[in-house]
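> okay, sequence plus prediction incoming.
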Amino acid sequence: MYSFARRILFALDAEKAHHFTLNALNTVYKLGLIPVTDNKAAKSVRLMGMDLPNPVGLAAGLDKNGEYIDALAALGFGFIEIGTVTPKPQPGNPQPRLFRVPEHQGIINRMGFNNHGIDTMIRNIEKSKFSGVLGINIGKNAVTPIENAADDYLICLEKAYAHASYITVNISSPNTKNLRALQGSDELSALLEALKNKQAQLASVHGKYVPLAVKIAPDLDEAQIEDIAHVVKSVEMDGIIATNTTIDKSSLGSHPLAGEQGGLSGLPVHEKSNWVLKLLADHIDGKLPIIGVGGIMSGKDAAEKIRLGATAVQVYSGLIYKGPALVKECLKALAR
């Protein structure tokens, strides 16, 4: 069924297909035509103090504004992450900015945190009926100087706190100028300490503790991974997500899209992402959980992430190539 739909969708511009698919899914959901997938098909798991019905989540980026939460939840995810969201609305980078590389089961994007802003996202969350685990992925506005980045993250943290099950600090998108510089040891330490201090204040105000995770890039060497592991342990982050998209397109060879700017996801990031995951798990030594994301195209890939040290996984690009059946396949593989 999806292979037929995919042929039609892949004939459309990638970004138009993205919006068309989400709107169609929403319509079908509202008409009661989506057979709700049992999200308890795999074993439940404890993540950052939260009980997930299963360890297969939706990665941030698919639903940037929280407009499709209920429809996406019907696909069987154990948790859903929306965003990346910024304090103010922003259009993102000029189009075209999203490209499929079907020969490699890859996707290149340079979206640039296009979103309607944190206030609109919160209104969308308030309208949704979803009562499961909801992560909110936060970033900085493109116009905010990198030295003031913490201000944007603090604004988003404060506004998102009451509405999120957990919050992810995205410092690893390659499509916001200088953002990845925040992964440097000193910069990362300063940013995460500021956010952890704010988290403690908000926990007291709201009477609930909302865990904080940080999302890192796959384009790191072993020394950088070791530094990041040291920082997240020392500031007592609640979790870490590995990884975002890669800027390394060497796996595409001489493909015409190999020269496009942006982050590459899907199958081409699989090995690099797993390498980071394994090293990170070794250096973190069980002190905090890792969510494994990057290149999950099958149930076997999801199981491999768990074997390498992830507590839970997230999918996104795999859904574009395999459709919603990928969620069921991952659940089945992780139920064994």
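Perfect, I can see it now. What you are looking at is a predicted structure, and each value in this text was computed from that prediction instead of being measured.

> now stretch 178-193 - C-alpha only, CSV.
Extracted in CSV, the C-alpha atoms of stretch 178-193 (Å, rounded to 0.1, in the frame of the first residue of the first chain):
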residue,chain,number,x,y,z
ASN,A,178,27.5,28.6,14.0
LEU,A,179,25.0,26.5,16.0
ARG,A,180,27.3,23.5,16.2
ALA,A,181,30.0,25.6,17.9
LEU,A,182,27.8,25.2,21.0
GLN,A,183,29.0,21.6,21.1
GLY,A,184,32.5,22.8,22.1
SER,A,185,33.3,21.8,25.7
ASP,A,186,33.3,25.3,27.3
GLU,A,187,30.3,26.6,25.3
LEU,A,188,28.3,23.4,26.0
SER,A,189,29.0,23.5,29.7
ALA,A,190,28.0,27.2,30.0
LEU,A,191,24.7,26.6,28.0
LEU,A,192,23.7,23.4,29.8
GLU,A,193,24.5,24.8,33.2
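
> hey, what's Phe79 bridged with?
Counting by DSSP bridges, Phe79 is bridged to Gly57, Val133.

> show me the contacts for it.
Residues in contact with Phe79 (CB atoms under 8 Å, 6 or more residues apart in numbering) are Leu47, Met50, Leu52, Gly57, Leu58, Gly132, Val133, Leu134, Gly135, Ser165, Ala312. C-beta coordinates here come from the backbone N, C-alpha and C atoms, glycine included.

> excluding chain neighbours, what is closest to the last one?
Once its chain neighbours are removed from consideration, Ala312 has its nearest residue in Pro55; the separation is 3.9 Å (CB to CB, 6 or more residues apart in numbering).

> and if you look at the third one?
In space, not counting the residues next to it along the chain, Leu52 is nearest to Gly78; the distance is 4.2 Å by CB to CB, 6+ apart.

> re the thing from before, mind putting the contacts of Phe79 into JSON lines with neighbour count?
JSON lines is the format used below for those (neighbours: other CB atoms under 10 Å):
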{"residue": "Leu47", "neighbour count": "25"}
{"residue": "Met50", "neighbour count": "19"}
{"residue": "Leu52", "neighbour count": "23"}
{"residue": "Gly57", "neighbour count": "25"}
{"residue": "Leu58", "neighbour count": "25"}
{"residue": "Gly132", "neighbour count": "15"}
{"residue": "Val133", "neighbour count": "22"}
{"residue": "Leu134", "neighbour count": "20"}
{"residue": "Gly135", "neighbour count": "29"}
{"residue": "Ser165", "neighbour count": "20"}
{"residue": "Ala312", "neighbour count": "28"}
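
> and the two most separated of those?
For the contacts of Phe79, the farthest-apart pair by CB to CB is Met50 and Leu58; their separation is 15.2 Å.

> now Ser131: how far from Ile216?
For Ser131, the distance to Ile216 equals 30 Å [CB to CB, to the nearest Å].

> next one: Arg46
Between Arg46 and Ile216 the distance is 22 Å, computed by CB to CB.

> between those two, who's got more neighbours?
Ile216 (26 against 12; other CB atoms under 10 Å).

> wait, what's in contact with the more buried one?
By CB under 8 Å, 6+ apart, Ile216 lies in contact with Ile171, Ser172, Gln183, Ile228, Ile240, Ile241, Ala242, Thr243, Asn244, Val276, Leu280.

> and Leu202, how many neighbours?
Going by other CB under 10 Å, the residues that sit close to Leu202 add up to 18.

> for the one 10 residues further on, same thing?
Applying other CB under 10 Å, we find 25 residues neighbouring Leu212.

> cool, thanks, signing off.
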